[in-house]
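Enquirer: attaching a predicted model along with its sequence, questions to come.
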Amino acid sequence: MELSELLEIGQQERTRQKPIRVHCCTSTGCQAANSLGVKKKLETAVNRNGLSDRVEVVGVGCMGCCGRGPLVQIDPENLVYEEVTPEQAPSIISGLKDSSVVEAQPGDPEHPFFTKQFKIVRETSGKIDPERIEDYIAAGGYQGLHRAIGEFTPSEIVNEVSKSGLRGRGGAGFPTGLKWATVAKAPGDRKFVICNADEGDPGAFMDRSVLESDPHRVLEGMAIAAYAVGASEGFIYVRAEYPLAIERLQKAIKQAKKYGILGTHIFESQFDFKINIRIGAGAFVCGEETALMHSIEGKRGNPTPRPPYPAQSGLWGYSTLINNVETFCNIPAIVTNGGDWYASIGTEDSKGTKVFALTGKIRNNGLIEVPMGITLREIVEEMGGGVPGGEVKAVQTGGPSGGCIPASLLDTPVSYDSLAQVGSIMGSGGMVVMDNQTSMLEVAKFYMEFCRSESCGKCIPCRSGTVQMYHLLNKISDGEATEADLEKLEQLCEMVKHTSLCGLGQTAPNPVISTLRYFRHEYSELLQPETINV
Amino acid sequence: MESVQNSQKNTQANRNSHAAHPSGDKRFKILDVTIKRNHHRQDALIEVLHKAQEVFGCLETDVLLYVARELKLPASQVYGVATFYHLFTLKPSGTHTCVVCSGTACHVKGGGDIIKALEKHLGIEIGETTADGEISLMTARCLGACGIAPAVVFDGKVAGKQTPESVLERIDQWRQSKPSSE
């Protein structure tokens, strides 16, 4: 396919589209609230009102405010309706016809929740039908890939990505350009690109949403990466807990193949790339890159020590590039607009935007994409609308590997370094708000229970350490512990952190360390006085 | 000469029937399709086990041994993989499954109370099935449906913003809809 053909597909699609588009969310969250029933009623109402020549109902991906679903949004007027029921759906359509009263609850598109966002990864989420490649192409999709292959050499792409300052969005924040350069330089003809879609952190659903809403963006990012590092095979490793994401990815791959955007001689070039999907089977540790690769090979997901890094010896021993879903989704925009453009967004050490899943005790639940450097206060209080009927006590970021940031530090800007300074991590993007009723000891226990049961059992510090720490936390919450137990807990935290084999164990103590740092009194007030033996 | 041909045919037939399971259980044939589609590749083990569990409901020993033989893998490795991953189960589950999300957002919003209420109501613990084989109770590690926390999956369908009352009501509906003849 040539560029002119790609543009032609986009043009045809835009001509086909009706002037008024009624977007109805069909992501997992909204589907659970019967958005498919709403969509059906909207479609019937369009036909019944004889509006089918100028109005179309489009099933789209996530619009962000998942807590208020099912959501219906109308373009170009940008009207939003929340918690729509199938019964209310006809009134939305008749409202379009004769401006009659709409029974559904209107949303506020001017709310900071929407206006403070900066969308790169989620640019077309909630605007296009994820099951139609034409819709993605009409929105400018696959032009980045075409440009990459047609106008740049692989090393120029790596340079652009390095220039952009993009860091891995899976949580660790490793510079993406450096990783790509290492794989590109690695010897050997056979290389792999892996997309890590094993989003395991509880309280995080950024990747699920992107995969369900805009699967082609992920494929485009992966294909550009493959071109840049010289790989011709790719895998997407998705959690089995995300059936809708898997289904849409499968569909997307099929469509891209049909158009010659994946497969052999992509865009009439010598570049070949095929993508396979691998489905996980419910093991948190498989989010760790070496464990994930073993899982793709059909083995137990046990991590192995690094080095060798996947770039040197990865899947089946070949040099492998492994990035997170969100990282790949940034790539098409970087190629299209240039690395300098991307680097102009965000802060000195953290460029670009980050998608967060804002959940917990907060008024506006959902997904947001914000420029790096925004403060936690802006996110929680302005965008999230604060805690209903209460006060923020802490914000947990980074899931089981992260920490709890107390309300007093809400002015901390969101960046890799500043979050690390206050004892948490950027993580993959889970942001759980806790109010005064939340016991921080219980939170620490919750995560420790998680790590204890998700530990793969390969190395002793993690396998036994998490169990012992969990026991000690229980002992404290049962009011049976003494100061000596708390000391032992702190010692264990250090030991497990420094001696575990992989990231799971190394970060497992973080929730305990951070809650002890800021909420120590919640631990110490439960301690028994020390018995003195004379 | 003819007998030689016949015996060759027989061997051929035997070889073909060898691929089928001696029990004559047709479900193994469905599994064979997946194994063939993956060209008997050993790295397809997890895919094959997913299919096996979908077809058989759980991974019993003879299924695991069959998979091991077909993929030419040691039985220990197949068993190791089947027991490593949480989604594989070696025991049959109930007619209905109720999966409560235990992710952070659901936990903070009362998922724990739902679990307690269910355990008390059904008289079983997480991971168990009621004695009549009707209902299996499980937890999931975050369904990624945090926006509608707390979430519960009833027979594969996600329901959001649940309470102990709404969940118990749903469970009782299952019990009532069970035909009395069974």
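Expert: Okay, I see it.

Enquirer: next, count neighbours for the residue lying closest to residue A:498 once chain neighbours are set aside.
Expert: Closest residue in space to residue A:498, ignoring its immediate chain neighbours: residue A:506 at 7.7 Å, by CB to CB, 6 or more residues apart in numbering or on different chains. All C-beta spots, glycine's among them, are computed from the backbone N, C-alpha and C. Look at residue A:506: counted by other CB atoms under 10 Å in any protein chain shown, it has 17 neighbours.

Enquirer: so what pLDDT did residue A:506 get?
Expert: Per-residue pLDDT puts residue A:506 at 96.

Enquirer: I'd guessed it sits against residue A:494; true?
Expert: No - with contact defined as CB atoms under 8 Å, residue A:506 does not count as touching residue A:494 (11.3 Å).

Enquirer: can you pull the residues of the stretch 101-250 of chain A lying near chain B?
Expert: A:199-205, A:208-209, A:240-242 (CB under 8 Å from any CB of the partner chain).

Enquirer: if you set the cut-off to 6 Å instead, what comes out?
Expert: A:202-203, A:205, A:208, A:240-241 (CB under 6 Å from any CB of the partner chain).

Enquirer: and those residues, which two are the farthest apart?
Expert: Using CB to CB, these reach their maximum pairwise distance at A:203 and A:240, which is 18.8 Å.

Enquirer: how about residue A:80, secondary structure?
Expert: strand (DSSP: H, G, I helix; E, B strand; the rest coil).

Enquirer: residues contacting it?
Expert: A:73, A:107, A:109 (CB atoms under 6 Å, 6 or more residues apart in numbering or on different chains).

Enquirer: so the closest residue to the second one other than its chain neighbours versus residue A:371, what's the distance?
Expert: Yep, that's residue A:107 we're talking about. Once flanking residues are discounted, residue A:107 sits nearest to residue A:80: 3.5 Å by CB to CB, 6+ apart. In this view, residue A:80 and residue A:371 are 23 Å apart by CB to CB, to the nearest Å.

Enquirer: ok, residue A:427 next?
Expert: 18 Å.

Enquirer: same thing with residue A:57?
Expert: Distance from residue A:57 to residue A:371, by CB to CB: 33 Å.

Enquirer: which SS class is the closest residue to chain A within chain B?
Expert: Relative to chain A, the nearest point of chain B is residue B:147 (2.5 Å; CB to the nearest CB). What three-state DSSP gives for residue B:147 is helix.

Enquirer: and the closest residue to it other than its chain neighbours, what is it in contact with?
Expert: Leaving out its chain neighbours, the residue that sits closest to residue B:147 by CB to CB, 6+ apart is residue A:66, at 2.5 Å. Counting by CB under 6 Å, 6+ apart, residue A:66 touches A:29, A:365-366, B:147.

Enquirer: select from the residues you listed the one having the most neighbours.
Expert: Most crowded among the contacts of residue A:66, counting by other CB under 10 Å, is residue A:29 at 33 neighbours.

Enquirer: one step back: so between residue A:427 and residue A:371, which is more surrounded?
Expert: residue A:427 (28 against 18).

Enquirer: need the three-state assignment for that one.
Expert: Residue A:427, by the three-state scheme (three-state DSSP), is coil.

Enquirer: tell me the contacts of the closest residue to it other than its chain neighbours?
Expert: Excluding its sequence neighbours, the residue lying closest to residue A:427 (CB to CB, 6+ apart) is residue A:398, at 2.8 Å. Residues near residue A:398 by CB under 6 Å, 6+ apart: A:424-425, A:427.

Enquirer: of the residues you listed, which is the nearest to chain B?
Expert: Closest to chain B, out of all of those and judged by CB to the nearest CB, is residue A:427, at 11.6 Å.

Enquirer: for that closest one, give its distance to residue A:207.
Expert: Using CB to CB, residue A:427 is found at 12 Å from residue A:207.

Enquirer: cool, and residue A:386?
Expert: Taking CB to CB, one finds residue A:386 at 27 Å from residue A:207.

Enquirer: cool, residue A:38 as well?
Expert: Residue A:38 is 25 Å from residue A:207, by CB to CB.

Enquirer: the two: who's more crowded?
Expert: Set residue A:38 next to residue A:207 and count neighbours by other CB under 10 Å: residue A:207 wins out with 31 against 28.

Enquirer: so what pLDDT did that one get?
Expert: Residue A:207 is given a pLDDT of 96.

Enquirer: pretty sure it sits against residue A:196.
Expert: No - counting by CB atoms under 6 Å, residue A:207 does not reach residue A:196; the two are 8.5 Å apart.

Enquirer: of the contacts of residue A:80, just the buried ones, ChimeraX syntax please.
Expert: Per 16 or more other CB atoms under 10 Å in any protein chain shown, the buried members of those correspond to this ChimeraX selection:
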select /A:73,107
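
Enquirer: take the contacts of residue A:80 and lay them out in TSV including secondary structure and pLDDT.
Expert: Below are these laid out as TSV (DSSP: H, G, I helix; E, B strand; the rest coil; pLDDT from 0 to 100):
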residue	secondary structure	pLDDT
A:73	strand	96
A:107	coil	93
A:109	coil	91
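
Enquirer: next secondary structure after the worst-scoring helix or strand of chain B on mean pLDDT?
Expert: Lowest on mean pLDDT, DSSP states H and E among the helices and strands of chain B sits helix B:2-19, with a mean of 46. Counting by DSSP states H and E, the next helix or strand C-terminal to helix B:2-19 is helix B:27-37.

Enquirer: could you check that following helix and say which residues are buried?
Expert: Neighbour count says helix B:27-37 has B:28, B:31, B:34-35 buried, by 16+ other CB under 10 Å.

Enquirer: what two of those residues have the greatest distance between them?
Expert: B:28 and B:34 (10.8 Å).

Enquirer: the stretch 201-350 of chain A: helices as residue ranges?
Expert: Listed in chain order, the helices of the stretch 201-350 of chain A (DSSP state H, counting those that start in this stretch) span A:206-213, A:215-229, A:243-258, A:289-296, A:325-337, A:339-343.

Enquirer: tell me who's in contact with the residue of chain B closest to chain A.
Expert: A:29, A:66-67, A:365-366.

Enquirer: now those residues as CSV including pLDDT and secondary structure?
Expert: Formatted as CSV, the contacts of residue B:147 follow (pLDDT from 0 to 100; DSSP: H, G, I helix; E, B strand; the rest coil):
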residue, pLDDT, secondary structure
A:29, 89, helix
A:66, 86, helix
A:67, 86, helix
A:365, 90, coil
A:366, 92, strand
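
Enquirer: can you tell me the centre-most residue of chain A?
Expert: Centroid-nearest residue in chain A, with CA atoms, centre = their mean: residue A:206, separated by 2.8 Å.

Enquirer: does that residue really touch residue A:358, like I thought?
Expert: No - look at residue A:206 against residue A:358 with CB under 6 Å: they stay out of range, at 10.4 Å.

Enquirer: give me the common contacts of the two.
Expert: In contact with both residue A:206 and residue A:358: no residue, using CB under 6 Å, 6+ apart.
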